[in-house]
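Colleague: One predicted model, sequence on top.
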Amino acid sequence: MSGPDFDELAEGTSPDERAQLRRAHDLLLAAGPPPELPPYLAEAPRMRKQKEPALTTVPRRRFGAIVTAAAGIAAAAFVVGYLIANIGGSDETQVITTIPMKPTAAGSAQSAAVIDVLEGGEGGNIPLNLTVSGLHKLPDGGHYELWLTRVVHGKQLPIVSCGTFVAPTGDRIEVALNAPYRLGEGRPGWIVTRNLRGAKTNPVVLTT
């Protein structure tokens, strides 16, 4: 085997480097050329290359369209969810009628209240929302009570309780109560009584 001229390859090297290169050069010449590959091995890389699937990419314009469509779908889903949530909530809190209340001589002159009769309820129970302010704070064991009334022999009498509550001094509060049967065609009355532990009477402090 003949190879390139060693002196040309080693030109410009130091004596030590020249000696190392000379030994490597002689070993390569002694080993001779590598054996030729068998035909089946020579064909293998080309066959594998043909079988490997090509890497496909989405064109830039198509990729932009996909991103835009995905963003539109997400935005539409958000809007639909928002509308469903708000429609569902509005039906549960729809006010049928609003009834104002005023203080009596037995109550605080600064007190006032409003009853919102709400749509809904099952089994004859009508949901109510009572907003009241200006009531006196009662001692432990005391509470206020909302009553539905009817006029009997010219007197307004409480006929059914709609629930009890307590109130801090002068503060405005909202209380969820209910009328335990349907109100019917007539116009009922409403009162709020003050109930103290051990008291023989429960004076009316608010009325319609």
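Modeller: Happy to help now that I have it.
Colleague: Just give me the neighbour total for Gln156.
Modeller: Other residues within reach of Gln156 by the criterion other Cβ atoms under 10 Å amount to 17. Glycine gets a C-beta too; all of them are placed from N, C-alpha and C.
Colleague: Next one: it relative to Asp171, how far apart?
Modeller: To Asp171, Gln156 is 28 Å away according to Cβ to Cβ, to the nearest Å.
Colleague: before we move on, what about Thr149?
Modeller: Thr149 is 26 Å from Asp171, where distance means Cβ to Cβ.
Colleague: For the two, work out which one has more neighbours and name it.
Modeller: Between Thr149 and Asp171, counted using other Cβ under 10 Å, Thr149 has the larger neighbour count: 18 against 11.
Colleague: Look at the more buried one and give its secondary structure.
Modeller: State at Thr149, reduced to three classes by DSSP: H, G, I helix; E, B strand; the rest coil: strand.
Colleague: That one: what's it in contact with?
Modeller: The neighbourhood of Thr149, defined by Cβ atoms under 8 Å, 6 or more residues apart in numbering, consists of 156-159, 188-191.
Colleague: okay if I get those residues as CSV plus distance to Leu27, secondary structure and pLDDT?
Modeller: What follows is the contacts of Thr149, written out as CSV (distance: Cβ to Cβ, whole Å; DSSP: H, G, I helix; E, B strand; the rest coil; pLDDT from 0 to 100):
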residue, distance to Leu27, secondary structure, pLDDT
Gln156, 123, strand, 81
Leu157, 123, strand, 87
Pro158, 118, strand, 90
Ile159, 118, strand, 88
Pro188, 116, coil, 73
Gly189, 119, strand, 90
Trp190, 113, strand, 94
Ile191, 117, strand, 96
